[in-house]
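S.K.: turn this into a model:
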Amino acid sequence: MATKVKVQETNEELFRQMEEKSLKLMEEFKIQDSTSESRGYIRGAAFKYQVVPVGQPTPDEGALVYTTQPQGCEPEAGMVECILHSSAAKKELVDYPGYPTPIPRAADLTAPCPYRIVEIPSKGLGMVAARDLRFGELIISERPLLISPQISKIDFIKWTNTTTPRQKQEAACFESEKIYKVAFERMDPEAKETYMKLHNSHKHDGSGPLLGVSRTNSYGVFALQGDEYGGVFKDASRINHSCSPNTIRHFDRPSLAMLMVAARPIKEGEEITAHYCDPLAPYAARRKSLKPYGIRCDCPACLDPVKSDKIRYRISCVKDAIPAIIKWAGNPKLPDHLLLGPSLELLELMEAEGLEASKAYEQVLYHLFLIYSALVIRGKSEPSEVRIYQEKWIQLQTMRRRDREDVCAQLMEDTIRVAFAAQQHLGEMKMEEVEPRRD
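M.R.: Have a look, this model is predicted:
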């Protein structure tokens with residue numbers, strides 16, 4: 001009982017310290033607010049925020065909410081400072097099914113850490129494989145240092161008649177920096193130091209240091225009340241970009257953790273990469289998206305964009321082919337390998353381009369599973385071919401944290417539809433053999 005009281009007193013003391021820091025910052029902000037007109041704008045309202053103790057309601061729906069999450073679950077795995085647009089957003093966060101749960105871990109807890117943070121030539125710090133990694137292996141499972149809105153609601157600014165576009169941008173950045181500063185002051189010293197060591201590619205567009213680090217290193221994590229939020233991470237934010245990434249990432253809401261898994265085998269010493277933009281977009285669009293990060297990608301796709309753009313455009317056109325597969329499976333007049341050849345060619349193209357992390361790759365795997373399922377029923381293939389694509393597709397789905405039961409239910413439903421069509425095909429073939437031809 002004494003321990004419980006001591007923990008409660010510690011929590012109350014931490015909250016009191018946070019509240020004191022926040023109030024001190026508010027006084028500093030009032031002084032800055034009085035000089036806003038000299039920067040080309042007028043603040044139309046006071047800075048509204050809430051720092052609410054655990055378990056208490058948030059009284060002002062229209063104010064920003066600062067909260068430390070998750071409460072009561074593996075604090076040693078890291079606590080996350082959150083800037084939320086409203087108390088309704090906080091409620092949606094903590095009411096998520098299963099929240100909070102422990103961070104997902106690798107199956108073998110005795111295995112050495114799969115990665116190292118090292119200097120990458122011309123890229124700064126990055127992540128490399130510390131050992132050979134197999135397809136589907138969990139590389140990192142990490143809570144963010146900070147979660148914040150990807151677009152801050154700066155709706156209290158009133159512009160003067162002489163405000164320039166540059167001043168508008170700088171004013172929005174200036175006000176956003178104040179919002180970030182409250183959250184930053186709530187972090188423990190180690191988290192602050194880690195945050196400020198991350199790269200900042202927004203030093204010359206009006207962004208303050210805290211906002212700049214967030215804009216440079218934030219991954220999209222989830223939406224709350226229709227607003228998108230991003231997270232800044234200690235190690236995951238060190239992973240550099242590639243248009244042919246070798247990881248798949250998924251943000252696990254119940255544990256508030258980013259998971260990154262190997263999308264293909266990764267050799268020891270090979271750089272671990274993620275995508276910062278749509279890897280299937282044309283080279284020019286990717287280059288434009290990466291410009292704010294100061295990135296000039298030198299992956300094979302960017303070194304030969306004419307060839308790569310054609311391939312990636314073809315891959316981007318991949319659509320749901322299940323209706324076509326069912327139609328083919330039930331038509332005895334269509335060749336056995338009508339769909340198999342193009343699908344295998346497409347899969348080979350994707351692997352050559354390093355696009356195993358794309359949703360299109362998963363689609364083609366699934367199409368191949370269904371095509372081979374029909375061919376087995378026709379007596380034109382072996383069950384082992386079916387299993388190759390079935391198992392890999394299921395693994396990719398579960399890597400994205402889709403419920404395995406839901407995945408298997410989808411698999412069963414589509415398999416039955418294709419099998420029924422293939423059986424009809426066999427029936428029609430037999431009828432043609434029995435009935436005499438009429439010339």
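
S.K.: where exactly do the helices run in this protein?
M.R.: Assigned by DSSP state H, the helices in the chain fall at 2-33, 87-94, 165-186, 189-197, 209-217, 283-290, 300-303, 305-316, 322-329, 340-353, 359-378, 383-399, 404-434.

S.K.: residues touching the fourth one, excluding its own?
M.R.: To tie it back to what came earlier, the one meant is helix 189-197. Glu81, Leu145, Leu146, Phe184, Met187, Pro209, Leu210, Val213, Val232, Lys234 (CB atoms under 8 Å, 6 or more residues apart in numbering). Using the backbone N, CA and C atoms, a C-beta is placed for each residue, glycine as well.

S.K.: from Val232, how far off is the fifth one?
M.R.: Right, Met187. 11 Å (CB to CB, to the nearest Å).

S.K.: look at the two and report which has more neighbours.
M.R.: Val232 (25 against 18; other CB atoms under 10 Å).

S.K.: how near is that one to Pro114?
M.R.: For Val232, the distance to Pro114 - CB to CB - is 22 Å.

S.K.: circling back: list residues touching both of Met187 and Val232?
M.R.: Contacts common to Met187 and Val232, judged by CB under 8 Å, 6+ apart, are Leu145, Leu146, Tyr195.

S.K.: what sits closest to Tyr313 if chain neighbours are left out?
M.R.: Excluding its sequence neighbours, the residue lying closest to Tyr313 (CB to CB, 6 or more residues apart in numbering) is Pro282, at 7.3 Å.

S.K.: next one, pLDDT for that neighbour please.
M.R.: Pro282 carries a pLDDT value of 96.

S.K.: hmm, back to that, so can I have JSON lines of the shared contacts of Met187 and Val232 showing pLDDT, neighbour count and distance to Leu93?
M.R.: Listed next are these as JSON lines, based on pLDDT from 0 to 100; neighbours: other CB atoms under 10 Å; distance: CB to CB, whole Å:
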{"residue": "Leu145", "pLDDT": "98", "neighbour count": "26", "distance to Leu93": "17"}
{"residue": "Leu146", "pLDDT": "98", "neighbour count": "24", "distance to Leu93": "14"}
{"residue": "Tyr195", "pLDDT": "97", "neighbour count": "24", "distance to Leu93": "21"}
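
S.K.: how about Lys21, what does it touch?
M.R.: Lys21 touches Glu185, Arg186, counting by CB under 8 Å, 6+ apart.

S.K.: quickly note the distance from it to Glu27.
M.R.: 11 Å.

S.K.: with Ala419 instead?
M.R.: Taken as CB to CB, the span from Ala419 to Glu27 is 71 Å.

S.K.: mind listing what's buried in stretch 116-125?
M.R.: Neighbour counts over stretch 116-125 (16 or more other CB atoms under 10 Å) mark Leu125 as buried.

S.K.: so how far is Met350 from Glu362?
M.R.: In terms of CB to CB, Glu362 sits 10 Å off from Met350.

S.K.: still on that earlier bit, neighbour count: Ala419 and Glu27, which is higher?
M.R.: Using other CB under 10 Å, the more surrounded residue of Ala419 and Glu27 is Ala419, with 17 against 8.

S.K.: correct me, but the more buried one touches Val376?
M.R.: No. Applying CB atoms under 8 Å, one finds Ala419 not in contact with Val376, separated by 9.2 Å.

S.K.: residue ranges in the chain under the pLDDT threshold?
M.R.: 1-12, 14-15, 31, 44-62, 425-439 (pLDDT under 70).

S.K.: break it into its domains for me.
M.R.: As recorded under automatic domain parsing, the domains making up the chain are 2-274, 283-313, 318-434.

S.K.: Arg401 and Lys267, how far apart?
M.R.: 26 Å.

S.K.: so the two - more neighbours on which side?
M.R.: Taking neighbours as other CB under 10 Å, Arg401 and Lys267 compare with Arg401 leading, 15 against 11.

S.K.: now that one: closest residue in space that isn't a chain neighbour?
M.R.: His250 (5.0 Å).

S.K.: bridged to that neighbour, which residues?
M.R.: Leu259 (DSSP bridges).

S.K.: roughly how far does it sit from Gln410?
M.R.: For His250 relative to Gln410 (CB to CB), the value is 18 Å.

S.K.: same deal with Pro112?
M.R.: For Pro112, the distance to Gln410 - CB to CB - is 36 Å.

S.K.: higher neighbour count, those two?
M.R.: Gln410 (13 against 8).

S.K.: check the gap between that one and Leu340 for me.
M.R.: Gln410 is 22 Å from Leu340, by CB to CB.

S.K.: do Tyr293 as well
M.R.: Counting by CB to CB - Tyr293 and Leu340 are separated by 41 Å.

S.K.: ok, now Ile151?
M.R.: In terms of CB to CB, Ile151 sits 46 Å off from Leu340.

S.K.: neighbour count: those two, which is higher?
M.R.: Leu340 (20 against 13).

S.K.: residues contacting Ala285?
M.R.: Here Ala285 is in contact with Cys277, Asp278 (CB under 8 Å, 6+ apart).

S.K.: what about it, distance to Tyr313?
M.R.: 11 Å.

S.K.: and for Leu256?
M.R.: 37 Å.

S.K.: what is the neighbour count of Trp393?
M.R.: 22.

S.K.: now do the contacts for it.
M.R.: Glu362, Leu365, Tyr366, Phe369, Leu411.
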